[in-house]
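Need a 3D model of the sequence below.
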Amino acid sequence: DILVDGKVCDCDVVVTCQVGDPVPLQVKLTNWSKHSVGPFALTMMPYQDYQNGVHNYDLQDAITFVGSNTFYIDTVKPTKDSVYFGALLFLYTGDFYLNIKFHEDNSSRELPLSWLCLPSVHIRATEPMA
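Below is the predicted model of the structure:
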């Protein structure tokens with residue numbers, strides 16, 4: 001589950017926020033399997049989509065994270081969940097997307113590391129209300 005500014009998000013919803021106001025993020029990973037899973041690294045990467053196949057990830061002048069954009073998850077037991085909190089601060093107006101990835105971080109495995117990507121979250125940063 002992904003919440004942006006307290007609202008549940010999916011790939012069909014555009015979340016609107018104001019430039020200069022921190023936007024709370026919450027990502028909850030629930031383990032529905034019968035076995036413990038982990039360790040994982042959760043990474044959130046903002047980008048702009050130019051609608052021509054180009055994604056701009058070089059946004060350090062437009063967006064900043066309040067806290068870290070990467071969180072480490074040790075183990076999630078069956079039917080339990082882990083919740084991670086952060087915030088984004090938009091410095092300019094525009095349409096932005098948030099790419100959220102879970103990276104399997106188990107070095108004792110012989111298989112290649114795998115990624116689980118959630119659908120991108122669409123966030124529209126607008127001018128502050130006067």
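
how about low-confidence regions in this protein?
Under the criterion of pLDDT under 70, the regions of the chain flagged as low confidence span 10-11, 105-118, 130.

From what I see, Gly89 and Ala62 are in contact.
One correction, residue 89 is Leu, not Gly. No - the criterion here is Cβ atoms under 8 Å, and Leu89 misses it with Ala62 at 10.0 Å. Placement of C-beta: from N, CA and C, glycine included.

residues shared between the contacts of the two?
Any residue near both Leu89 and Ala62 by Cβ atoms under 8 Å, 6 or more residues apart in numbering counts here, and not one turns up.

Given the one helix or strand Tyr72 maps to, what are its sheet partners and their directions?
Tyr72 is part of strand 70-73, with elements assigned from DSSP states H and E. Partner strands for strand 70-73, per DSSP bridges, with pairing direction: strand 40-49 (antiparallel).

The spatially closest residue to Asp5 that is not a sequence neighbour: neighbour count?
Here the nearest residue to Asp5 in space, its sequence neighbours aside, is Val23; by Cβ to Cβ, 6 or more residues apart in numbering that works out to 5.2 Å. Val23: 21 surrounding residues under other Cβ atoms under 10 Å.

In the sheet, which residues pair with Val23? Tell me.
Here Val23 sits in beta bridges with Leu88, going by DSSP bridges.

what's around Ile73, how many residues?
Other residues near Ile73 number 17, with proximity taken as other Cβ under 10 Å.

for it, what are its contacts?
For Ile73, the residues meeting the contact criterion (Cβ under 8 Å, 6+ apart) are Leu29, Gly38, Pro39, Phe40, Ala41, Leu42, Ser82, Tyr84, Phe102.
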